[in-house]
Each structure stands twice: as structure tokens, then as C-alpha cells.
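Novice: The following block contains a protein sequence and its predicted model.
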Amino acid sequence: MDTPIIRISLFLFVLVFFALLENFYPRRRTGGNTKERWKTNFSISIISQVLLQLMLPLSAVLIAVLASGNNFGLFNNIEWPVFIEGALVFLLLDFSIYIQHVLSHKIPILWQIHKVHHSDRELDTSTAVRFHPLEIYISMLYKSIVIIVLGPSAVLVLIFEIVLSSSAIFNHANLKLPAKIDRLLRKTIVTPDMHRLHHSVREFESSKNYGFNFSFWDRVFDTHLKVSDEYHKKMTLGLESHQSINTDRLIWSLWLPFIKK
């Protein structure tokens, strides 16, 4: 099973699919800098992945294989029915991502890195890959620890990773869903409207809606917020302190974590 090829192929398919959808059914009007933004956002992603492979040439799936081979983790030492194990693993991995996201906002040094993602003043499918190399590296270390503790099967980890990246593309998309469909979906999963609010310049709003896959974590931990349809159209996105700065520059974006402001 060539997992990198599977992941990349599915990622590109989902990316192109939602990029086309958001082009035909946009939620908000976008500025004229789309080409520059996309070039920067995808350049950041490529640099992040290359550096990750050089610094930590391991994937979440490989960590799961190593954990299984050494009997590390909860699920490698207790026999569970397949469907129960699958459901529990998916829930626990998703919860760990929710916690990681909350921490990236609450811990100053992590926020200094994570704000590269939030500095994007538009929100579309390309924003889903706008993560600084340091954040990608820290995220890989964090997921490795979680996988070693839980001991999920490599197949379940692969499925989760595919769903996670696909969900990120979906909920960052500048996509207008019919109101009824949005209401129905957000009972279980994070929709574009739900996540867009998290990218508001207002701190009260950006400290809400942390979920990536399941929406119920935000309800359980009282971090869920919903606003009106009209508010989405006029909402200002990005960082309040960087509204007068061209945040679409590649070098600036890579250097942002080291700028004190």
C-alpha cells in the first residue's frame, strides 16, 4: 500500500473539487489577489512538507506501524471489536486535533506560529494548506505522541489523515451551502460557515469554532458560536493588527513567527 501516493492523489482530487465548487458558488466576494495568495499559500505548504521530510522523515501511518510492531498504545494491548475500535480511534484522534487547535491559540509561542495561518485575509481552499513549517513539525510530533499512546492501526490512521485533510479543504472553502444543508451538516461536522467565523479579526470570534471534523466538540466545551447570514458577507478576516500589511508575501509569511507585534 503506497500511502503517500494514495494521500496525495485524494488530496488533489478533493482540492480541485472544492476549488471548482467555490468558484461557481462563492460565499463571499474575494479581492483581486487570488493568484498571489494561492502562489504563497501553496509555496508555504510545499516548503513545509519538504522540510518535514528532511527533519522528521516519518508519517503518522509509519508511526502507527512502529507502535503496532512494538505493542505500544491502548489499542495494541486490548482486543476490541473492529467497528468499536474504529469509532473510538476516530473520535479520540479528532478530539486530540481539537485540543491541539485550542492550545495553538492559548499558548503564546504556539500562537506566534499558528497566526501565519490566520494572517490570510481571505478564506478559500488554499488557506487549508497555509501552515508554517514549524507548525507542521510540531503537529507531527504531537500526532506521533497521540498515536503511540493510543496505538491505533495504520489503516485507521491513514483513513483519519485523509478525512482530516479533506475536511480542512472543505471547511476553509469559500463555498455557499444552502441554509438547510448547512444547518443539517453542522449538527455533526464543521461547515465552511462555521469555520469561517474562527478566522474573524475579532478575538472573541476567532476563539470559537475550533473543530475540524466533528462540530460537537465545540458544543461540548462551549466554544461554538453561530452568526447571521449577513454577518458572513461583511465579516473581516485575518489578523486585526495586520490589516494594512500585504500578508500574501511568501518571505514575510515564513518570517512572521519571529516578528514581535
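Specialist: Nice, thanks for sending it over.
Novice: Please, where are all the helices along the stretch 151-261 of the chain?
Specialist: For the stretch 151-261 of the chain, the helices defined by DSSP state H, counting those that start in this stretch occupy 154-172, 179-185, 192-196, 203-206, 216-220, 229-234, 250-255.
Novice: Can you pull out the low-pLDDT segments for the stretch 1-150 of the chain?
Specialist: 1-3, 32 (pLDDT under 70).
Novice: tell me the most buried of the helices of the stretch 151-261 of the chain?
Specialist: Using mean count of other CB atoms under 10 Å, the stretch among the helices of the stretch 151-261 of the chain with the largest mean neighbour count is helix 192-196, at a mean of 23. For glycine as for every other residue, the C-beta is placed from the backbone atoms N, C-alpha and C.
Novice: contacts for that one?
Specialist: For helix 192-196, the surrounding residues in contact (CB atoms under 8 Å, 6 or more residues apart in numbering) are 27, 123, 170-175, 177, 182, 186, 209, 211-212, 215, 226, 232, 235, 237.
Novice: Would you mind listing which of those residues are buried?
Specialist: Neighbour-count burial (16 or more other CB atoms under 10 Å) applied to the contacts of helix 192-196 gives 27, 123, 170-175, 177, 182, 186, 209, 211-212, 215, 232, 235, 237.
Novice: picking up where we left off before, which among the helices of the stretch 151-261 of the chain is found nearest to W38?
Specialist: helix 250-255 (11.5 Å; CB to CB).
Novice: tell me the mean pLDDT over that closest one?
Specialist: Averaging pLDDT along helix 250-255 gives 95.
Novice: And for that helix, what's in contact with it?
Specialist: Here helix 250-255 makes contact (CB under 8 Å, 6+ apart) with 39-40, 43-44, 47, 116, 119, 130, 132-133, 245-247.
Novice: ChimeraX command to pick out the buried ones of the residues you listed?
Specialist: In ChimeraX, a selection of the buried entries from these looks like this (16+ other CB under 10 Å):
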select :40,44,116,119,130,132,133,247
